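Student: any chance you could fold what I've pasted below:
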Amino acid sequence: MLEELENASATQATTSMQLKRYVCLCATIMMTALHFTLKVSAMLEELEHASATQATTLTQLKRNVCLTVVLFR
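Tutor: Residues are numbered from 1 along each chain as shown. The predicted structure is shown next:
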């Protein structure tokens with residue numbers, strides 16, 4: 001009976017260690033996912049800003065072309 005109790009304790013300790021490992025692994029995966037999400041979010045923000053800048057530059061270029069055409073008529 002004592003031997004069964006010792007085996008049960010050893011099994012419980014092993015299960016506890018495995019559970020701790022899984023929790024650490026899950027936490028690592030979640031942190032990696034969060035880091036990746038933040039990186040993608042920052043990249044999208046930069047892209048949005050670049051697109052807005054490009055649109056402004058394109059509008060200015062169109063205005064300059066129109067002005068040049070008007071001036072040389």
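Student: secondary structure element holding the residue nearest in space to the middle of the chain?
Tutor: Using Cα atoms, centre = their mean, the residue of the chain that lies closest to the mean C-alpha position is residue 37, 1.6 Å off. Following DSSP states H and E, one finds residue 37 within helix 2-71.
Student: what's the local residue count around residue 14?
Tutor: 10 (other Cβ atoms under 10 Å). From N, CA and C alone the C-beta is placed, and that goes for glycine too.
Student: quick check: mean pLDDT across stretch 26-41?
Tutor: On average, the pLDDT along stretch 26-41 is 92.
Student: what about it, distance to the chain center?
Tutor: 5 Å (Cα atoms, centre = their mean, to the nearest Å).
Student: cool, stretch 56-73 as well?
Tutor: How far stretch 56-73 lies from its chain's middle: 41 Å, per Cα atoms, centre = their mean.
Student: kindly export it (C-alpha atoms) in CSV.
Tutor: Taking Å, rounded to 0.1, in the frame of the first residue of the first chain, the C-alpha atoms of stretch 56-73 are listed here in CSV:
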residue,chain,number,x,y,z
THR,A,56,-0.1,63.7,-51.4
THR,A,57,3.0,63.6,-53.6
LEU,A,58,1.0,62.3,-56.6
THR,A,59,-1.6,65.1,-56.1
GLN,A,60,1.2,67.7,-56.0
LEU,A,61,2.7,66.1,-59.1
LYS,A,62,-0.6,66.3,-61.0
ARG,A,63,-1.0,70.0,-60.0
ASN,A,64,2.5,70.8,-61.2
VAL,A,65,1.8,69.0,-64.6
CYS,A,66,-1.4,70.9,-65.0
LEU,A,67,0.2,74.2,-64.1
THR,A,68,3.0,73.5,-66.6
VAL,A,69,0.5,72.7,-69.3
VAL,A,70,-1.4,75.9,-68.6
LEU,A,71,1.7,78.0,-68.6
PHE,A,72,3.0,76.6,-71.9
ARG,A,73,-0.3,77.0,-73.8
